[in-house]
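J.: Provide a 3D model corresponding to the input given below.
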Amino acid sequence: MRQSALFAALRLRYKRCGLILEEISMTIKVGDKVPSATLMQMKGGAPQPLKTDDLFSGKKVVVFALPGAFTPTCSAKHLPGFVQNADNMKAKGVDAIACVSVNDAFVMGAWGEQQKTDDKVMMLADGNGDFTRALGLEMDGSRFGMGKRSQRFAMIVDNGVVKELNIEEPGAFAVSSAEHVMKQL
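T.: Residues are numbered from 1 along each chain as shown. Have a look, this model is predicted:
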């Protein structure tokens, strides 16, 4: 039974008992289709929508996500690793490399300029966290004043289907690195 059908059955059963049940999101896994969502990207000085269906359709895409633009590990290691390895990844058949964060498009655009991502890495904003939530990879950074953010992860998506998925343990930076992803290509 699919998650949504199971949840509907549980909701009905608990509703009859007068209980309230919150929907539980499932984490995406290898073999799953990437959910449809709209991300934002700075183009020509203005935020432009980019549908994930368009991003992934007929392409091999490396996607990595991180808790926040301009944060220490993200700025010193995570994003720079993908910028430095972009040509090597593309030589291995990758059509696009996308950095996703629960930030707005203006912040992602400014961070991309500061990090000199140019056309090597797409800087994609998931401002409301809709894509991150749909993947089941949201984390609560409220303790650090960051609110709901993305877990640190990387995935290889081929024609909309997840082929590799690397989710970091809290506070870690290893399996989502560009170097690790290079070994999987």
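J.: can you give me the strands in this structure?
T.: In the chain, the strands defined using DSSP state E lie at 38-43, 46-51, 60-65, 96-101, 122-125, 138-140, 148-150, 153-158, 161-167.
J.: Lowest mean pLDDT across those strands, which one is that?
T.: Between the strands of the chain, the one with the least mean pLDDT is strand 138-140; it has a mean of 76.
J.: need the strands of the chain in JSON lines with mean neighbour count and distance to residue 109, can you?
T.: In this view, the C-beta of every residue, glycine as well, is placed from N, C-alpha and C. Listed next are these as JSON lines, based on neighbours: other CB atoms under 10 Å; distance: least, CB to CB, whole Å:
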{"stretch": "strand 38-43", "mean neighbour count": "18", "distance to residue 109": "3"}
{"stretch": "strand 46-51", "mean neighbour count": "13", "distance to residue 109": "8"}
{"stretch": "strand 60-65", "mean neighbour count": "24", "distance to residue 109": "17"}
{"stretch": "strand 96-101", "mean neighbour count": "23", "distance to residue 109": "12"}
{"stretch": "strand 122-125", "mean neighbour count": "23", "distance to residue 109": "6"}
{"stretch": "strand 138-140", "mean neighbour count": "15", "distance to residue 109": "23"}
{"stretch": "strand 148-150", "mean neighbour count": "21", "distance to residue 109": "18"}
{"stretch": "strand 153-158", "mean neighbour count": "22", "distance to residue 109": "21"}
{"stretch": "strand 161-167", "mean neighbour count": "17", "distance to residue 109": "26"}
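J.: Ok, which of these comes nearest residue 77?
T.: For residue 77, the closest of the strands of the chain is strand 60-65, at 11.3 Å, according to CB to CB.
J.: That closest one pairs with which strands?
T.: strand 96-101 (parallel), strand 153-158 (antiparallel) (DSSP bridges).
J.: the inter-axis angle of that strand versus strand 161-167?
T.: 30 degrees (axes from the mean of the first three to the mean of the last three CA atoms, to 10 degrees).
J.: chain center to strand 60-65, what's the gap?
T.: On the basis of CA atoms, centre = their mean, to the nearest Å, the separation between the geometric centre of strand 60-65 and that of its chain is 8 Å.
J.: Would you enumerate the residues in contact with the residue most central in space within the chain?
T.: Nearest to the mean C-alpha position of the chain, by CA atoms, centre = their mean, lies residue 65 at 4.2 Å. For residue 65, the contacting residues are 99, 100, 101, 126, 132, 137, 150, 151, 152, 153, 154, by CB atoms under 8 Å, 6 or more residues apart in numbering.
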